[in-house]
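requesting a structural model of the entry that follows:
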Amino acid sequence: MKKPYNLKVSVSGVRGIVGETFTPSLVAGFAAAFGEYVGRGKVVVGRDTRPTGPMVEHAVIAGLLSVGCQPVLIDIAPTPTVQIVVDSLNANGGIAITASHNPVEWNALKFISRSGIFLNYNEAAELLDVYNQPDRRYMYEKDFRNIHTQDNPFELHEKRIFKHVDCEKIRSRKFTVAVDCCNGVGAVFSRPFLEKLGCKVISVNDEPDGIFRRKPEPVAENLTDLSEAVVNNKCDLGVAQDPDGDRIAFLDSNGEPVGEQYSLVLAAEHVLSKTPGNTVVNIQTTKAFDDIAKKYGCPVTYSKVGEINVTEKMLAQNAVIGGEGSSGGVIWPAVHPCRDSFTAMALALEMMAEREMSFTDIANTMPRYYSENRKFKCSAEKAQTLVRKLIRKYAGDNPITLDGLRINWDDAWVLIRPSNTEPVIRMTVEARNPERTAKLLAEFEQEISAAISG
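Predicted coordinates for the structure are as follows:
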């Protein structure tokens, strides 16, 4: 039996299990609605390496052509590349075909505005209204547009990054870097990108077939292959990506993960040390980021979880660095206001080169907090009900309810919120020592599990 919660329609796009809820007709319908919403012009289309990608791409093309748009195909490409190509070509919008960190049986459409950032809540709601309209303004044969292809789209992305980092300084250090590509877009682009920065590259999970040899999220428990590669090859750095190349996690030269939260913390340390300014992070980001910003006299603004929520606030405040620590998402507007693992790689390498320090030594200077993440399977409706009950229960603890429920203490915090991308409730617990983290984790894990099953 089909489970309705296996289709997620949100500000993060439309995603579901292929063959169950995510079907060619649904894809073509949403693509046509998007084409009608952005107007008859160029729409950039890129995808990750999932085996279902070509089928979804053809359905997207059909939908766009049917309403008079001109698809610009860039084939397999990182999601940030799709966003940058939209911006570079002055296209009307873009569609990235990727379910990001979801398992291989999922796929999704992420909708990109003409400015190269994702649709916000209002725009996503307007798109859904268009999709739900009974009539679609389909084109007759004489009005159909040609399909275009964009050669070497990643080159546009790469040039922007190289313009803003000291490539020669990085090349002079001749770093050895191990990269876990998760059989995604990194399997096509990460090695040549790092080699152009003078690195010797050791790659794992580098077959670009979308058959993930590890779980897609680049979290510590999924990175044993990368850890072995770092140690066995005496690498200076380990890099783990997700399938569509927007998230990143680092391992030090001992093969130890520094934690996905610290991808953003380290980027902030490097950028703010040279260019102090406003910062924006989502509510699920480690307090270590606040400590770094305070060190350089920079204000921190919090946003809801979700890339567009961060980028909109960053653009409004002219922020110099920001992102989503919870997902290893680094956003450096100097390149483009989007999460980008390739930008994060370049910043880490430049930081090591300029400071003449090992990644391990740099990571050891960062403020240290201990965090744990859990997720609990739950329908979206039940998740919302549960969080509302918890908000009422903890009303006396001065909760932050910007996005779910965040309870702050002097030495710790916990965040409980429904996911935008999966039928789950997500929980993050962080504290200054692991014992306090473990205690809070056990308490809230028990409470949430009991509420879901009750």
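
mind checking the SS state of Ala353?
helix (DSSP: H, G, I helix; E, B strand; the rest coil).

do I have it right that it meets Glu168?
No: with contact defined as CB atoms under 8 Å, Ala353 does not count as touching Glu168 (9.3 Å). For every residue, glycine as well, the C-beta is placed using N, CA and C.

between these two, who's got more neighbours?
Ranked by neighbour count (other CB atoms under 10 Å), Ala353 and Glu168 place Ala353 first, with 21 against 10.

contact partners for that one?
Asp166, Lys169, Ile170, Ser172, Arg173, Phe175 (CB atoms under 8 Å, 6 or more residues apart in numbering).

list the contacts for the fifth one?
With contact set as CB under 8 Å, 6+ apart, Arg173 has these partners: Gly198, Leu349, Met352, Ala353.

of those, closest to Pro78?
Of all the contacts of Arg173, Leu349 has the smallest distance to Pro78: 17.6 Å, by CB to CB.

which regions of the stretch 301-450 of the chain lie under the pLDDT threshold?
Along the stretch 301-450 of the chain, segments meeting pLDDT under 70 span 421.

the same query, at a cut-off of 90, please.
Counting by pLDDT under 90, the stretch 301-450 of the chain shows low-confidence ranges at 305, 326-327, 371, 373, 378-382, 396-398, 400, 408-411, 418-423.

let me see the ranges of the strands in it.
Here the stretch 301-450 of the chain has its strands, by DSSP state E, counting those that start in this stretch, at 321-324, 329-331, 370-377, 405-408, 412-418, 424-431.

just send those back as CSV, with distance to Ser253 and mean neighbour count too.
Output for those, formatted as CSV (distance: least, CB to CB, whole Å; neighbours: other CB atoms under 10 Å):
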stretch, distance to Ser253, mean neighbour count
strand 321-324, 24, 30
strand 329-331, 20, 28
strand 370-377, 21, 17
strand 405-408, 34, 19
strand 412-418, 30, 23
strand 424-431, 25, 23
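
who touches the residue lying closest to His148 once chain neighbours are set aside in this structure?
Closest residue to His148 apart from its sequence neighbours, by CB to CB, 6 or more residues apart in numbering: Val72 at 4.8 Å. By CB under 8 Å, 6+ apart, the contact set of Val72 is Lys42, Val43, Val44, Val45, Val85, Leu89, Ala91, His148, Thr149, Gln150.

now the third one: closest residue in space that isn't a chain neighbour?
Closest residue to Val44 apart from its sequence neighbours, by CB to CB, 6+ apart: Gly94 at 3.8 Å.

swap in the first one?
Closest residue to Lys42 in three dimensions, ignoring its sequence neighbours and counting by CB to CB, 6+ apart: Ala91, at 4.0 Å.

distance of His192 from Val177?
Actually, residue 192 is Pro rather than His. With distances taken as CB to CB, to the nearest Å, Pro192 is found 13 Å from Val177.

ditto for Ser358
When Ser358 is compared with Val177 (using CB to CB), they lie 13 Å apart.

give me the common contacts of the two.
Asp236.

those two: who's more crowded?
Shown here are Ser358 and Val177; by other CB under 10 Å, Val177 has more neighbours (26 against 15).

can I assume the more buried one sits in a helix?
No: counting by three-state DSSP, Val177 is located in no helix; its state is strand.

stretch 405-416: end-to-end distance?
One end of stretch 405-416 sits 5 Å from the other (CA to CA, to the nearest Å).
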